[in-house]
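In: Quick one: sequence and predicted model below, then my questions.
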Amino acid sequence: MTLLRLPGHVEGEPEQPVPRDVVAVMHAADGDARWSVEILVADVDQAAAATVEHGGIVTVSPHELPRFRNAVIADPAGARLSLSPLVVPARPHNRPRT
């Protein structure tokens, strides 16, 4: 697996499963290198249901992984992406985001 990192880029939250400067992941699948696109959503189950409502396909149903819930969806042409929850820790109202 290769993590494509963009120095200075900060996205997501520190609790996410990959470093915050990662913008893409490439991994070998069946001997071929493929991009793995991960979309962070508020609710994995709701996003999977909405995929079907809008003509997409759920290729891997929502399931638990060691640190988060995940699903894999595809558009009608077969382009796949993974859904994971956006983890937002509670913050005091007067504490600025960094």
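Out: Now that the structure is in, tell me what you want to look at.
In: For Val52, which three-state class applies?
Out: For Val52, the assignment made with DSSP: H, G, I helix; E, B strand; the rest coil gives helix.
In: sorry, that was for Asp45
Out: helix.
In: Okay, strands next: where are they in the chain?
Out: 2-5, 22-29, 32-36, 38-41, 57-64, 69-74, 80-85 (DSSP state E).
In: The fourth one - what's its average pLDDT?
Out: When pLDDT is averaged over strand 38-41, the result is 82.
In: CA atoms of it as PDB?
Out: Below are the C-alpha coordinates for strand 38-41, written out as PDB (Å, rounded to 0.1, in the frame of the first residue of the first chain):
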ATOM      1  CA  GLU A  38     -12.200   6.800   1.000                       C
ATOM      2  CA  ILE A  39     -15.100   9.200   1.700                       C
ATOM      3  CA  LEU A  40     -15.700  10.300   5.200                       C
ATOM      4  CA  VAL A  41     -19.500  10.500   6.000                       C
END
